[in-house]
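Q: Output the structure for:
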Amino acid sequence: METGMTPAEIETLFDRGDAGYVFARWGRPLAPVVFGVQEQTLGVIKGAFEAIVALAGHNMAEVDPELGSNVMVFFLRDWDELLAVPDLAHMLGDLPDLVARLNGGDASQYRTFRFDDGGAIRAAFVFLRMRGALAEMAAEDLALSQAVQVMLLWSDQAFAEVSPLAVAHGQTILRPEIAGVIRAAYDPVMPAAARDASHALRLSARLAAGEGAQ
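A: Below is the predicted model of the structure:
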């Protein structure tokens, strides 16, 4: 199956407008925790993270030695619920302003990241307001989509028009070209962070090398 992407196509996945090209991957194992779901859903979400982390050739951990949990996923019915979460304002800063912006924009999801001194991802916060289309998604599909979007610092427009998922033979799968980018991004020869678009050329080359090895 052809999974290659041109450097220009890859560049758009990490182009943050005025900020230019901004790439980052995790520099430590992922230690996720999930709030606001039933027990049976926890296994689905954990399984999705395990699958994407394995795809990347990266690692998961029960506990992050510095932060305890470094991926926090919150399922909500209303953004105002965030105001009642203990210590969240300490982690996110001006929480009332954030909640006001999310309500004003009628947002369905929000992600924010923290980085180490080298620019690699050290923590991620994911907030999902379970209404509309998001609430109608199958749990497996929603979990897989969120795991993909946490694995790299994608552009905020990377999946605005085309989902990272696709349907093949009646089953939802990760789009092969996106899977290829994740694998290439976690190749040990690649940097954990990059701010130059020439990085997209290197990713494209790793993709081509991976296809040639299949």
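Q: alpha carbons only for contacts and neighbour counts from here, please
A: Will do.
Q: Distance check, R195 against L153.
A: When CA to CA, to the nearest Å is applied, the distance between R195 and L153 equals 12 Å.
Q: And the strands in this structure, which stretches?
A: 23-24, 32-35, 71-76, 109-115, 121-129, 165-168, 171-174, 193-194 (DSSP state E).
Q: Quick check: A200 touching L13?
A: No. Look at A200 against L13 with CA atoms under 8 Å: they stay out of range, at 9.3 Å.
Q: burial count for V22?
A: 21 (other CA atoms under 10 Å).
Q: for the lengthiest helix in the chain, packing partners?
A: When the chain is parsed with DSSP state H, its longest helix is helix 39-56. Using 3 or more CA pairs under 8 Å, 6 or more residues apart in numbering; DSSP states H and E as the contact test, the elements touching helix 39-56 are helix 139-151, helix 176-185.
Q: Following the record's annotation, map out the domains of this protein.
A: Domain assignment for the chain by automatic domain parsing gives 1-25+157-214, 26-151.
Q: worst average pLDDT in these?
A: For the domains of the chain, mean pLDDT drops lowest on domain 1-25+157-214, to a mean of 88.
Q: Phi and psi next, for the nearest residue to R195 once chain neighbours are set aside.
A: Closest residue in space to R195, ignoring its immediate chain neighbours: V22 at 4.8 Å, by CA to CA, 6 or more residues apart in numbering. V22 adopts backbone torsions of phi -140, psi 110, taken as degrees, to the nearest 10.
Q: my guess is V22 meets E11, correct?
A: No. V22 is beyond contact range of E11, at 9.3 Å (criterion: CA under 8 Å).
Q: that older thread, settle it for me: which of R195 and L153 has more neighbours?
A: Applying other CA under 10 Å to R195 and L153 shows that L153 carries more neighbours, namely 23 against 15.
Q: tell me the contacts of the nearest residue to the more buried one once chain neighbours are set aside?
A: Excluding the flanking residues, the one nearest L153 by CA to CA, 6+ apart is A24, at 5.2 Å. Counting by CA atoms under 8 Å, 6 or more residues apart in numbering, A24 makes contact with G119, A120, I121, L152, L153, A192, A193, A194.
Q: which residues does the fourth one bridge with?
A: If I follow you right, that is L152. R25 (DSSP bridges).
Q: Please determine how far it is located from R122.
A: For L152, the distance to R122 - CA to CA - is 11 Å.
Q: shared neighbours of the two, which are they?
A: With CA under 8 Å, 6+ apart, L152 and R122 have common neighbours W26.
Q: Let's have the helices and strands packed on helix 39-56 in TSV, adding mean neighbour count and distance to L95.
A: Shown next, in TSV, are the helices and strands packed on helix 39-56 (neighbours: other CA atoms under 10 Å; distance: least, CA to CA, whole Å):
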stretch	mean neighbour count	distance to L95
helix 139-151	20	21
helix 176-185	21	31
